[in-house]
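**Student:** I need the structure of the sequence given here:
(2 chains)
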Amino acid sequence: MSVLGGVSTSWFAVWLLAAVHTTTLRPPPPVGGAPNGLGGAAIELVGEGGLPPPPLRDDEISDTGDSGAAGEGVPTAQQRRESEFQGHLVRGKRAERERRWRDAEREFRGALELEPTDPEGLRGRAHARHARTKRGRCPRSAIEDLALLQVYDPRGLWLTERSHLLKWTAPPCESYENDRLQWAEELSALRPGRRGRPQDVAALAARLHTDLAQQGHQVASHLSAARKQIERFLGECVKASRRVPAEHLHLAALIYRLSGQVDKALGIYATLRGEYPDDVRGKKAEEELRIQLRVAELKAKQAGPPTPEAEAALRRAVAFMSEGDLSAASAQLDRAIEIFPWFPEAYYRRADIHARDGEFSEAIVAFQTAIAMDPYNHAAYMALGLLYYKRFPGASDEEARTQLAAALRLRPDLHTLHFYLGHLHARAQRREEARQHFQKFIERSPIDDPQLRVARDALRDLERDTRELRYKLPQPAPDELNRLDPELQQLINEAYVTAELGDLDRARQGLQRARERYPEEPAVLNALAEVVYSLGGEQEANVFWSQSLILDDNQMLVHERLGLSSRDPDLATQHLRKAASLGSATARFSLSRRLWEQFSWFSASEELSEYLRQAGPYDLNWDRAERFRERIDQFFFRFYTVCGSLFGLALALVLWRVYRRLRGASLAQFLRQEPKSFPEVARTLSLIRHEILKHNTAFLSDVGQAIAVEAEDADTRAILLARRLFGDGPMAPKRGGGGRPRRGQRGIYGRFLGYIVDLEKVGRSHGVHLNLFRKDATFRAMIRAFEATAAHVDELRAPYALRSSERLELARVLERSGDVLGRRAFEQLSGTINSLCVVDVIPRLLISVLRRVAAEDQFGSVEIAPLRVRGRGARIRVFRTDLEDILANVLRNSLRSSVLYAATPIALAVDLTTEVDDITGLTTLAIRIKDQSTERLTNEMLRGRYVERGMGITADLLSRYDASIAVEPEPHWAKAVVLRFFVVEETSH
Amino acid sequence: MVEDGDEYLANLSTFVSGGISYVQAKNGRDACRMARDLAPDVAYLDMRFDRTPVEDLLGDIVQLTERFNGDTARARRFQEDNQGLFVLRALREVGYARPVVLSYDFSAEEGRFAALSLRDPGLSYCPDYADARTIRATIERAAGRDV
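**Tutor:** Below is the predicted model of the structure:
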């Protein structure tokens, strides 16, 4: 035995002194502790707490007293001391019985002053002192008194009293651990039932050993001793058919757990659960143990992240899958697994491809492998469950249910899982479970979800019993590749297992501690969010996930969770979009649904198409996606049909309006098409120019300037101008249909509109629709200028009532309109007319006309001399075609007449001369066509249409251009037929 | 002021009134009489007289008809359209030698105006679309005043 405590050291000293005392002053006490005299020196030496002599027994005291009283009559001093000693003992015991502890202690102390080593006195004083010790304090003096019995009465009272020491040295007493353990072991070693041996002393010894082991002292040996003691205790209980207290069962389980004997510990917990069903502590401890087991199991299966090469191969595979090239994707996945065998994501993708290819057995193995490598992979659980569900209906329902339930534990937000679980439970006749799942599914699904209806028929092509399939795991990756700090991984695993076993609060507490230690680790925040979410704290979970994203934004699942749970539509869309970009099929489908609800139909359709390319038939949302695709397609068909119809109708309306606006011709186009209309048009244009522009609108600018400078008679001029332009009555509406100016206006404006109507009539008489407002720049500007002025007719009629700013505005309008309707319109109208009807009469024109006439069949055999033309000619106002017709007719008649009445060769000549009228100053071009025909021809014959052969039309044409035709004598020629046209000056526009 | 309507008189009396008084004749014969009687500083002639009774129009309608292939209507219209020049000839023949302003835009017929000016140096013109300031300037320039 090793004595380490200070009290033990003092006991050792007491023992030495006692040994010396008994050796030098008195003989050793007999067995049984009988008193053998008192030593005064000893009393003086030790006093209270010193080295007392061996005590007397009770029976010895009475015997001694009796013998003293029956002695020689006069008691000796020793006899008196003996009597006094016995008196103390008797009174002490009486006080002890009566629980008068103070008196008892005093009497036993008095006895010990006479006999310091008396065992009975020590025992009595120890018990009195223990009784007087306040609760919660260590009865140290009592312990020391009682411990002396080990010295002074080792075979007597010590054997019966030492069990008290086990109790008295219990906490809060300190420094007695080793002595207490020694005493407990001594007592434990005794046969059960022996006097002084407590029933549970072996359990106490086990407890003391366990405590020391947990403090780190010689762990193995103490645990071994503890195990030995507890097994002894349990054996005693069994032997005695005694019920083991729950406390000792807990101790036994703890010892086994600390010893690594988990199965025995679980057995103890099972006993505890059976014996004490209400023992919550036992349940928690058992759960704790199971957590430790599960964590250990997880730890054995976790590996680090894949190598960059393997990761790259996986990315290529995912890309190929998106493109539908499953073969290439499969090759890349094989490559990834070859590079990094512990690659659960690659196995998951590989399984997906197997399933799509109809290789269901291989798919199951691969899914199981992925799950075994990564028990948190909810997608793998889902896919495997759905594979069982769809491909092996009935035969593998239990497997399907297990996998889907696991997925639901990991992802309680994926409510569609309830749909399948409901079906699976229904198939297994578990009506209540099925009802609950269907109820949850219905509660969380949108109204238009097609799966709200009856589940579709299960697929039937079972190929083989899938339960026989097994998977093989490669060797885990080395520890150094662990993706997380091992301690952190341990904490997360504990939280996961704790949550898996249902103790979410504890899981949360553990994760919060982990977070305090690893504040920069997203995995902690993610696990914490999962637990909080399971506890119903959706908002708080979102906060954790958001914080996790701050640390690492490329977390697909976190974005997916936030996207699915966020109440902010924009934020949810952002997360779903990010998750989809990171490869989440669930997020992409949800994004499609969300976009659809937000009326982003085209984006929703694109996302859904991408989902259908990315996911497979064993994705959770595949069936819904297919129905959603059908719905979108139907919608778009209707949408495009309606839109196409509406667009066609709108386009037709627009085109019709455009046609109505743009149909018809401008004045210039009309004149080019119908040159014969020119005189009528020219007359109307001339009227507009003369009556509208010359006498009225020319003063718009003047009135505007007068108003602007506030000339004295400005208002009078304005009123006069208004009356002249617009009359006195109210204005008619501005426009008629098609933007045409409405009739019914008064004044000059009304007259102007009347001229426009006249021009349109001219156009219609020639089969042309004139659109002067839309297609003729000159008239459009004039009409708008009139309209702009008409809009201010009220101000123009009462300019005196206008404010200064209104007067300035009116002045600006008048000046702008005056600019258009003044010189500019005048010149434009003139230019339009002139540009279309002026021909430069030059010799070459005449020669060309004659050649054309001479080429006619009637002159084919006639010899005609070249035409001689003299003079420079001039510009005249006539359409070229009309002029050519006129010249052709005149030349043809001259030729024909010459053929009949002149000598051959036939010769014609033309003189081009100009004549100026002295009254009007007008210049006339005379085209003198000379011939040798002697046929009689007069002006009356020409103008009276006596001459046929087209000359009547020629006369009409000439009149149309204010030209004339006459027959005049010509020297050296028979005559000259003279055509006269007014000349248009070169400088004209 | 010689015109077939009242537009010039009204306009010029309203817009070109300062320092100028106007008297009106509605045909050539009245103009000649007024020139003899009043001897106005300036004669302001309209060019076109399509509202004047045909019997009041100056010019040889027979000769004009010959010029227009015997078409009297066209001859008459020519007579109306150029009546201002016929009035000018009549004024000169009755001895009115003071400046005459013809309200007509000769800017496009400079040759024609040159021919007329050569015969009648006292002739000037004011464009049809002229504003009040231009008309005033033209009248005052013709009358020999500073503008």
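
**Student:** and residue A:905, how many neighbours?
**Tutor:** 11 (other CB atoms under 10 Å in any protein chain shown). Where C-beta positions appear, they are placed from N, C-alpha and C, glycine not excepted.

**Student:** Residue A:122 now?
**Tutor:** 30.

**Student:** just residue A:118 next, same as before
**Tutor:** For residue A:118, the count of nearby residues is 31 (other CB under 10 Å).

**Student:** isn't it right next to residue A:109, touching?
**Tutor:** No: between residue A:118 and residue A:109 there is no contact, the gap being 11.2 Å when judged by CB atoms under 8 Å.

**Student:** Hmm, residue A:866 and residue A:909 touching each other?
**Tutor:** No: using CB under 8 Å, residue A:909 makes no contact with residue A:866, being 9.9 Å away.

**Student:** neighbour-wise, which of those two wins?
**Tutor:** residue A:909 (20 against 13).

**Student:** can you tell me how far the more buried one sits from residue A:423?
**Tutor:** 114 Å (CB to CB, to the nearest Å).

**Student:** can you map out the helices along chain B?
**Tutor:** B:7-15, B:28-38, B:61-67, B:72-81, B:83-93, B:110-119, B:132-142 (DSSP state H).

**Student:** Okay, residue B:109 and residue A:206: tell me how far apart.
**Tutor:** For residue B:109, the distance to residue A:206 - CB to CB - is 139 Å.

**Student:** do the same with residue A:197
**Tutor:** Distance from residue A:197 to residue A:206, counting by CB to CB: 15 Å.

**Student:** more crowded one of the two?
**Tutor:** Ranked by neighbour count (other CB under 10 Å), residue A:197 and residue A:206 place residue A:206 first, with 30 against 19.

**Student:** Tell me the pLDDT of the more buried one.
**Tutor:** According to the prediction, residue A:206 has pLDDT 93.

**Student:** what sits against it?
**Tutor:** A:225-230, A:233, A:251-252, A:255 (CB atoms under 8 Å, 6 or more residues apart in numbering or on different chains).

**Student:** where's it, which helix or strand?
**Tutor:** Assigned by DSSP states H and E, residue A:206 belongs to helix A:201-214.

**Student:** and the closest residue to residue A:380 other than its chain neighbours, how many neighbours?
**Tutor:** Spatial nearest neighbour of residue A:380, chain neighbours left out: residue A:370 (4.4 Å); criterion: CB to CB, 6 or more residues apart in numbering or on different chains. A count of neighbours around residue A:370, defined by other CB under 10 Å, yields 27.

**Student:** any idea how far chain B is from residue A:370?
**Tutor:** 94 Å (CB to the nearest CB, to the nearest Å).

**Student:** Make sure I have this right: that residue is in a strand.
**Tutor:** No: per DSSP: H, G, I helix; E, B strand; the rest coil, residue A:370 lies outside any strand segment and is helix.

**Student:** right, and it touches residue A:378 too?
**Tutor:** No: look at residue A:370 against residue A:378 with CB under 8 Å: they stay out of range, at 11.2 Å.

**Student:** picking that back up, so which of the contacts of residue A:206 are in helices?
**Tutor:** A:225-230, A:233, A:251-252, A:255.

**Student:** Show me the shaky parts of the stretch 851-989 of chain A.
**Tutor:** Across the stretch 851-989 of chain A, the ranges flagged by pLDDT under 70 are A:944-950, A:987-989.

**Student:** residue ranges for the strands of it, please.
**Tutor:** Secondary structure of the stretch 851-989 of chain A by DSSP state E, counting those that start in this stretch: the strands cover A:868-870, A:874-877, A:909-916, A:923-931, A:964-968, A:975-982.

**Student:** interface residues of chain B facing chain A?
**Tutor:** B:7-8, B:10-11, B:14-15, B:17, B:48, B:59, B:66-71, B:74, B:78, B:82, B:85-86, B:89, B:103, B:105, B:108-113, B:115-116, B:119, B:127-133 (CB under 8 Å from any CB of the partner chain).

**Student:** List only those of the residues you listed flagged as buried.
**Tutor:** Neighbour-count burial (16 or more other CB atoms under 10 Å in any protein chain shown) applied to the residues of chain B next to chain A gives B:8, B:11, B:14-15, B:48, B:59, B:66-71, B:74, B:78, B:82, B:85-86, B:89, B:103, B:105, B:108-109, B:111-113, B:115-116, B:127-132.

**Student:** Which residues are in contact with residue B:115?
**Tutor:** A:916, A:921, A:923.

**Student:** Out of these, who's the most crowded?
**Tutor:** With neighbours defined as other CB under 10 Å, the most crowded of the contacts of residue B:115 is residue A:921; it has 23 neighbours.

**Student:** Could you give the residue of chain B that lies closest to chain A?
**Tutor:** residue B:128 (3.5 Å; CB to the nearest CB).

**Student:** Count the residues that sit near residue A:788.
**Tutor:** Using other CB under 10 Å, residue A:788 has 14 other residues around it.

**Student:** where does chain B dip in pLDDT?
**Tutor:** B:145-147.

**Student:** Name the residue closest to the centre of it, please.
**Tutor:** What sits nearest the mean C-alpha location of chain B, by CA atoms, centre = their mean, is residue B:45, with 2.2 Å.

**Student:** Find the nearest non-adjacent residue to residue A:284, please.
**Tutor:** Nearest to residue A:284 is residue A:503, by CB to CB, 6+ apart, at 7.8 Å.

**Student:** Run a quick check on that neighbour versus residue A:287, I expect a contact.
**Tutor:** Yes: using CB under 8 Å as the test, residue A:503 is close enough to residue A:287 to be in contact (6.4 Å).

**Student:** In contact with the closest residue to chain B within chain A, which residues are there?
**Tutor:** In chain A, the residue that lies nearest chain B is residue A:694 (3.5 Å; CB to the nearest CB). Counting by CB under 8 Å, 6+ apart, residue A:694 touches A:826, B:103, B:128-129.

**Student:** 7 Å - rerun?
**Tutor:** B:128-129 (CB atoms under 7 Å, 6 or more residues apart in numbering or on different chains).

**Student:** Flag every residue of the stretch 851-989 of chain A that's near chain B.
**Tutor:** A:916, A:918-923, A:943, A:955, A:958-959, A:962, A:964-965, A:985, A:987-989 (CB under 7 Å from any CB of the partner chain).

**Student:** Kindly apply the preceding question to the stretch 601-750 of chain A instead.
**Tutor:** Applying CB under 7 Å from any CB, one finds that the stretch 601-750 of chain A approaches chain B through A:690, A:693-695, A:698-699, A:701-702, A:717, A:720.

**Student:** From the residues you listed, pick the one nearest residue A:879.
**Tutor:** Checking these against residue A:879 with CB to CB, the nearest one is residue A:690 at 22.8 Å.

**Student:** That closest one reaches residue B:48, doesn't it?
**Tutor:** Yes: with contacts counted by CB atoms under 7 Å, residue A:690 reaches residue B:48, the gap being 6.0 Å.

**Student:** can you give me the helices in the stretch 351-500 of chain A?
**Tutor:** A:360-373, A:378-391, A:397-410, A:416-427, A:431-444, A:486-500 (DSSP state H, counting those that start in this stretch).

**Student:** now, of those helices, which is deepest in the fold?
**Tutor:** Greatest average neighbour count among the helices of the stretch 351-500 of chain A goes to helix A:378-391 (a mean of 26), per mean count of other CB atoms under 10 Å in any protein chain shown.
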